[in-house]
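Student: From the sequence below, what's the structure:
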Amino acid sequence: MSLYCAIDLHSTNNIPVVIDDDDTVLFEKRLPNDLSTVIAALKPFKQDLHGVAVESTFNWYWLVDGLADNDFNTLLVNPSAVKQYDGVKHTNDESDAFHLAHLMRLGILPTGYIYPRAERAVRDLLRKRLQLVRHRVTHMLSAQNQIWRSTGLNISSKPFKQADFSLLDLVDDNHIKMAIKSNLTMIQALNQLIDELECTVLQQLKLKPEFLSLLTIDGIGNILGMTIMLETGDINRFASVANFSSYARCVDSSRLSNGKKKGANNRKNGNKYLSWAFVEAAHSIIRHNKTAHKFYQRKRAQKNGALATKALAHKLARVAYHVMRNQEPFQLERLFR
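Tutor: Numbers count the residues shown, from 1 in each chain. Predicted coordinates for the structure are as follows:
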């Protein structure tokens, strides 16, 4: 007899549910988020367990790693890919866990990639860098807009990014000066933190041989290359370039029926950090490559700047897939063919 277990994981507790081949519930209990307690609860069923499914929540690391260390066949579930019957009038944590175990029994449980434990910390450090970069952009835009609306001067972003305090001389009002100074002070501090994170990553991590060819792509340097490497993981887990582009959120989301559009699917499915990396690469290649700049201008004339950048990011994602998969250098003509 095979048994199937799924755990509905929350911030402070979890609910394991164990079922048999007839969907009979053999165990169901709310437990504290303590690994030894969870292991002890599942131990009587371990020999017959086909697997233990855990939702990919923000705090899955400790539980998935702990179960794996105790020789449980652990599966990471993509919650956005799991949908229960719309007609159900009442659901709770227990029914959610039961549904995952039921899908496992049927062999249709949508599972995700369990990222290697040894590389998670560095990947999360680069994600922290992205968070700091976004905070910096927020303060840059705030200071830039205050000067613009107060003086009519539309100044480029460069002096703001460099936290140039001489910008304060452009305004007379002391209140506005104070507001801009606070922005520039935050930018200065964020620049220091970003530099420290980048230095740490560059000292501790090198691009793997299969990812070195990423550096031949215009717009991708060491930091973006490492971001793409760490967010991609094993490139061979993507069966096609379309799968990879979708994971990088570079394709449109739509639902069609009888040839007509019936709304959109979840456009947030995929990796938002990988999406950001290719958008950043697109911004860079627009500035440094004439062919890419012409493509951007043509798309921008047809649609708008954001969609034009996204279209170029999509092309870069597709090229990056082939560069990583085949370990071949970047070819510009392949990008725009």
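Student: Count the residues that sit near residue 221.
Tutor: 13 (other CB atoms under 10 Å). Using the backbone N, CA and C atoms, a C-beta is placed for each residue, glycine as well.
Student: now swap in residue 99 and tell me
Tutor: Using other CB under 10 Å, residue 99 has 20 other residues around it.
Student: pretty sure it contacts residue 79?
Tutor: No. The pair residue 99 / residue 79 is not scored as a contact, 11.1 Å apart, by CB atoms under 8 Å.
Student: Overlap of the contact sets of the two?
Tutor: Between them, residue 99 and residue 79 share no contacting residue under CB atoms under 8 Å, 6 or more residues apart in numbering.
Student: Quote the end-to-end distance of stretch 34-52.
Tutor: 16 Å (CA to CA, to the nearest Å).
Student: Surely residue 17 is within a strand?
Tutor: Yes. Residue 17 sits within a strand when classified using DSSP: H, G, I helix; E, B strand; the rest coil.
Student: quick one: pLDDT of it?
Tutor: pLDDT for residue 17: 97.
Student: number of nearby residues for the residue nearest to it when sequence neighbours are not counted?
Tutor: For residue 17, ignoring the flanking residues on the chain, the nearest one in space by CB to CB, 6 or more residues apart in numbering is residue 97 at 3.9 Å. Neighbour count for residue 97, taken as other CB under 10 Å: 26.
Student: Please enumerate the strands of this structure.
Tutor: Assigned strands in the chain, in chain order: 3-9, 13-19, 25-28, 31-32, 49-55, 74-77, 256-257, 260-261 (criterion: DSSP state E).
Student: quick one: contacts for the closest residue to residue 225 other than its chain neighbours?
Tutor: Spatial nearest neighbour of residue 225, chain neighbours left out: residue 214 (4.4 Å); criterion: CB to CB, 6+ apart. Neighbour list for residue 214: 207, 220, 225, 228-229, 320, 323-324 [criterion: CB under 8 Å, 6+ apart].
Student: Look up the pLDDT of residue 214 for me, please.
Tutor: Confidence score, pLDDT, at residue 214: 92.
Student: begin at 29 from here
Tutor: With the count now opening at 29, the last piece we talked about shows up as residue 242.
Student: what are the ranges of the helices in the stretch 129-278 of the chain?
Tutor: Under the criterion DSSP state H, counting those that start in this stretch, the stretch 129-278 of the chain contains helices at 145-179, 186-189, 202-232, 250-260, 269-275.
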